[in-house]
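Peer 1: Give me a 3D structure for the following:
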Amino acid sequence: MKVLLVCSSGGHLTQLMQLQPWWQEHERHWVTFPTEDAVSKLEGEDVTWAHHPTTRSVKNLARNSVVAMRTMRAFRPDLVVTTGAAVAVPFFWLKRPFRASTVYLEVFDRIDTPTLTGRLCRPVTDLFLVQWPEQQKLYRESVLLGEVW
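Peer 2: As a prediction, the model looks like this:
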């Protein structure tokens, strides 16, 4: 299986790194920001660097939409997985022509309110995972995975 792992650097990347026993078994490609921690953690991995900051930046949303189309066209993933944040939005919304499935893992530290990225990606997410029972109340038909830490 070809897996595209898309996330912001920092805690979002740390969460995806915790899934290494699963993703190391698959052909994979990463999309994140070229921050010092991401460059270090992803040394030796195939990576496409995205544009940041993404928080409410229409300019970088447009730029990352181009990155998403190019990356999806070149890699042709079977599955796109994210822990957020905004960098994932164009990858989820542009998945259809590539027939990729999507998995969204809601972040560990947002228990009482939904994240903006979660709300934006939810309509086009095939499997929406949460880490707390309280998060299931925020997202209909989500699946409780438990803590990924």
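
Peer 1: C-alpha only now, for contacts and for neighbours.
Peer 2: Noted.

Peer 1: quick one: contacts for the nearest residue to residue 84 once chain neighbours are set aside?
Peer 2: Among residues not flanking residue 84 along the chain, residue 7 sits closest, at 5.2 Å (Cα to Cα, 6 or more residues apart in numbering). Residue 7 sits next to 13, 16, 31, 32, 82, 83, 84, 85, 87, 88 when contact means Cα atoms under 8 Å, 6 or more residues apart in numbering.

Peer 1: Ok, residue 138 next?
Peer 2: Applying Cα under 8 Å, 6+ apart, the residues near residue 138 are 112, 113, 114.

Peer 1: Need the residues you listed in JSON lines (columns: pLDDT).
Peer 2: As requested, these are exported to JSON lines (pLDDT from 0 to 100):
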{"residue": "112", "pLDDT": "94"}
{"residue": "113", "pLDDT": "96"}
{"residue": "114", "pLDDT": "96"}
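
Peer 1: what bridges to residue 129?
Peer 2: residue 105, residue 143 (DSSP bridges).

Peer 1: low-scoring pLDDT stretches of the chain, where are they?
Peer 2: Within the chain, no range satisfies pLDDT under 70.

Peer 1: ok, back up a step: out of the contacts of residue 7, flag the one nearest to residue 103.
Peer 2: Closest to residue 103 out of the contacts of residue 7 is residue 82 (6.5 Å), distances taken as Cα to Cα.

Peer 1: can you confirm the closest one is in a helix?
Peer 2: No. Applying DSSP: H, G, I helix; E, B strand; the rest coil, one finds residue 82 to be strand, outside a helix.
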